[in-house]
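In: give me a model of this one.
(one chain, ligands or ions: 1)
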Amino acid sequence: MLDLRTINSITGMMALLMAFVLLGMRHYYPRRMPGTLLWALSPIVGGGSSLVFALEGILPAALIAMLGNSLSFASAAMNLFGTAAFYEQSLNRRRWLGFTLGVLGVIACFMLVWPDYRVRVAVFALAMTVYTGTHAWLHWRHGLSFAGRFLAVLLFVRCLVLLARAGSAPLIDAADSTRFAASLIQTLYLSSFSVGGMVTCLGFVLLASERIRAEFERLLNVDLLTGAASRRAIMQALEGEVERWRRTDRVFSILLLDIDYFKRINDNYGHAVGDQVLTQFANSVKSALRSIDTLGRYGGEEFIVLLPENDLRSAAIVAERVRLAVERQIVEAGLPACTTSIGCASIADSGPTLPLLLAQADAALYTAKREGRNAVRLAEPPVHAAALAN
Ligand SMILES: Nc1nc2c(ncn2[C@@H]2O[C@H](COP(=O)(O)OP(=O)(O)OP(=O)(O)O)[C@@H](O)[C@H]2O)c(=O)[nH]1
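Out: Below is the predicted model of the structure:
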């Protein structure tokens, strides 16, 4: 079994190593990810507490107990508040400060007035359970990913070790025991700070990586200006629908939309206003759709709507609803009104591939434009699709 002083030193060194890793992570990850600075500073403060405890015999015992415990609580608080910030949750700072000062006051009493190590270690371990349990709960409640669940379970296990340490104090310790008096539970307890602390830091790195990945996916799949699906995402969704139609015969339709005379809006009001019109347009279209329909930005001022389980006839009804929603949209002050032309096509009529479907919708859109705009036109069955049917 490792000597407890060695475990204490290992805890301090691991903490500094993990602080280094977390600070490095912060350097390369986006700065606006909240909570990560507190996570990175926490092991430094925790390592400081290990250093203070290592000075037993050099500094007065009371000073070591108060300073070491204060730093341990500060480190736990940084982890907890870092996690709360990461999940954008607010914790009552005053309440936590009051709780911690109260606990430190009790520890001071059992250090200076009625010296008793058993009470001190039990009170410390119970208070740490409150910190660690709240921390575990935050991850369980808000971290729905693998890393969040992993941290919740890890912290819960640390709670069990802390509770075991608190419960064992009256049984295995004497009033004048010290932190480095060897016992199995004390070894487990001190190790939980080193190994547990290190694995917690790894969990933080995982959690931050998951968030970055989610952010990248969002950037790939969402058009940042309008909030519609990106071209990549809508094309993927369309490919998926074509596949599903081939396997299950479940029909779907698309609408191809183009804002009318959008160049004029840009030329007369400027590109920035043009951008706002695009956003307002996308919102109006979405307001006329069902939750299972998807609006995607095909490019520039051209959009696609995917209508699952709609044949051409019902797609035409939706298209007319969309056209009216755009025509009647409540225009924000200072923004010009706009209208849209829409071409509808259905996979059941167009032919078996996405390019054929898009070509059909495009042809219908072209007809709508040619025949005066602000109109809905349906696809005609193409010659080659008709030929395929023969
Ligand atoms: N503000 C803004 N303009 C864009 C964006 N993407 C494309 N455009 C502009 O959209 C305009 C499209 O114009 P055209 O293709 O000539 O079509 P139109 O003026 O809408 O005319 P019709 O489609 O025939 O009714 C061009 O001026 C593009 O510069 C964008 O993201 N923001």
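
In: CA atoms for contacts and neighbours, from now on please.
Out: Fine.

In: residues touching the residue lying closest to Tyr117 once chain neighbours are set aside, list them.
Out: Distances taken as CA to CA, 6 or more residues apart in numbering place Ala175 nearest to Tyr117, at 5.0 Å, with adjacent residues excluded. Contacts for Ala175 (CA atoms under 8 Å, 6 or more residues apart in numbering) come out as Pro115, Asp116, Tyr117, Arg118.

In: give me the neighbour count for the first one.
Out: Taking other CA atoms under 10 Å as the neighbour definition, Pro115 ends up with a count of 16.

In: what's the spacing between the closest residue to it other than its chain neighbours and Leu257?
Out: Leaving aside its sequence neighbours, Pro115 sits nearest to Ala175 (CA to CA, 6+ apart; 7.1 Å). According to CA to CA, to the nearest Å, Ala175 and Leu257 sit 80 Å apart.

In: sketch out the low-pLDDT regions of the chain for me.
Out: Residues of the chain that meet the criterion pLDDT under 70 lie in 1-2, 30-31, 381-390.

In: quick check: residues of it near the ligand?
Out: Selection of the chain residues close to the ligand by CA under 6 Å from any ligand atom yields 258-264, 266, 271-272, 274-275, 300-301.

In: out of these, who has the most neighbours?
Out: Greatest neighbour count in the residues of the chain next to the ligand, by other CA under 10 Å, goes to Asp258: 26 neighbours.

In: you'd agree that one is up against Cys338?
Out: No: with contacts counted by CA atoms under 8 Å, Asp258 stays clear of Cys338, the gap being 10.5 Å.

In: first vs last residue of stretch 339-353, how far apart are they?
Out: Stretch 339-353 has an end-to-end distance of 30 Å (CA to CA).

In: again, but for stretch 283-300
Out: 16 Å.

In: packing partners of the biggest helix by length in the chain?
Out: As assigned by DSSP state H, the longest helix anywhere in the chain is helix 184-221. Applying 3 or more CA pairs under 8 Å, 6 or more residues apart in numbering; DSSP states H and E, we find helix 184-221 packed against helix 4-28, helix 36-54, helix 146-172, helix 231-248.

In: okay, those, which one's buried deepest?
Out: With neighbours defined as mean count of other CA atoms under 10 Å, those peak in mean count at helix 36-54, which reaches a mean of 24.

In: buried ones in the next helix or strand after it?
Out: Where DSSP states H and E defines the elements, the next helix or strand beyond helix 36-54 is helix 61-86. Under the neighbour-count criterion of 16 or more other CA atoms under 10 Å, helix 61-86 has 64-86 buried.

In: show me how far helix 61-86 is from its chain's centre.
Out: Taking the mean of its C-alpha atoms, helix 61-86 sits 26 Å from the chain's own mean (CA atoms, centre = their mean, to the nearest Å).

In: following that helix, which helix or strand comes up?
Out: helix 93-108.

In: which SSE is the residue nearest to Pro115 in?
Out: Assigned by DSSP H and E, Ala175 belongs to no helix or strand.

In: distance check, it against the ligand.
Out: To the ligand, Ala175 is 74 Å away according to CA to the nearest ligand atom, to the nearest Å.

In: how much space between that residue and Leu138?
Out: Using CA to CA, Ala175 is found at 36 Å from Leu138.

In: what about the helices in the stretch 251-390 of the chain?
Out: If DSSP state H, counting those that start in this stretch is used as the criterion, the helices of the stretch 251-390 of the chain fall at 262-269, 271-287, 312-327, 347-350, 354-370, 383-389.

In: name the helices or strands packed onto the fourth one?
Out: Read it as helix 347-350. Going by 3+ CA pairs under 8 Å, 6+ apart, helix 347-350 lies up against strand 252-259, helix 354-370.
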